[in-house]
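S.K.: structure for the following, please:
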Amino acid sequence: EHNYYTIGSHVPFRDGVPEFFNATEQQQIPISIVSANFRPFIDGVLNHLPIVTNIHASTAVNVDDITAIDKSTVVRKLASELPDRAFIYIGDGESDLPAMDVDARRVVACYFALERSVFAAQLEAAQLPYYTFVDFRDITAVFQRLGLL
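M.R.: Numbering: from 1, shown residues only. This is a model prediction of the structure:
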């Protein structure tokens with residue numbers, strides 16, 4: 001028998017994910033996961049990471065509440081809770097498009113978009129600052145160049 005939790009724990013990571021999370025943990029960089037998946041699925045994925053102490057997960061769908069929350073709402077909420085922090089947003093698909101809304105633009109310092117994704121094309125069209133990535137080794141390299149890691 002499979003449930004969302006056990007399925008989430010078997011999701012393969014993009015290359016470089018464990019190293020990225022280890023590096024952000026060492027530098028005490030807080031990470032927020034904003035996902036459209038069910039919370040038990042995301043928890044299963046996160047529990048598969050080597051270190052998860054500095055991660056907060058916000059999901060659009062929970063077992064007891066299936067009300068969809070778009071990602072711009074979550075970004076705005078996080079920004080109101082941490083008004084002195086700039087955000088770096090990493091997205092890989094169409095569900096990340098709401099994170100580009102007018103309010104979120106004020107708090108997102110730059111975006112990372114999966115290479116050749118709809119998200120990357122929309123960031124380009126909106127002339128927002130972004131980097132592309134194939135895997136998390138690319139993201140880690142940019143963080144290192146920016147002096148964040």
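
S.K.: residue ranges with poor pLDDT in this protein?
M.R.: The chain contains residues with pLDDT under 70 at 1-5, 51-52, 58-69, 102-105.

S.K.: and Thr132, how many neighbours?
M.R.: Neighbours of Thr132 under the rule other CB atoms under 10 Å: 18. Every C-beta, even on glycine, is put in place using the N, C-alpha and C of the backbone.

S.K.: identify the residue nearest it in space, chain neighbours excluded?
M.R.: In space, Thr132 comes closest to Glu115 once its chain neighbours are excluded; the distance is 4.3 Å by CB to CB, 6 or more residues apart in numbering.

S.K.: before we move on, what about Ile139?
M.R.: Nearest residue to Ile139 in three dimensions, chain neighbours excluded: Phe133, at 5.1 Å (CB to CB, 6+ apart).

S.K.: next, the contact list for the one you found, please.
M.R.: Shown in contact with Phe133 (CB atoms under 8 Å, 6 or more residues apart in numbering): Ile90, Phe112, Ala113, Leu114, Glu115, Ile139, Val142.

S.K.: thanks a lot, see you next time.
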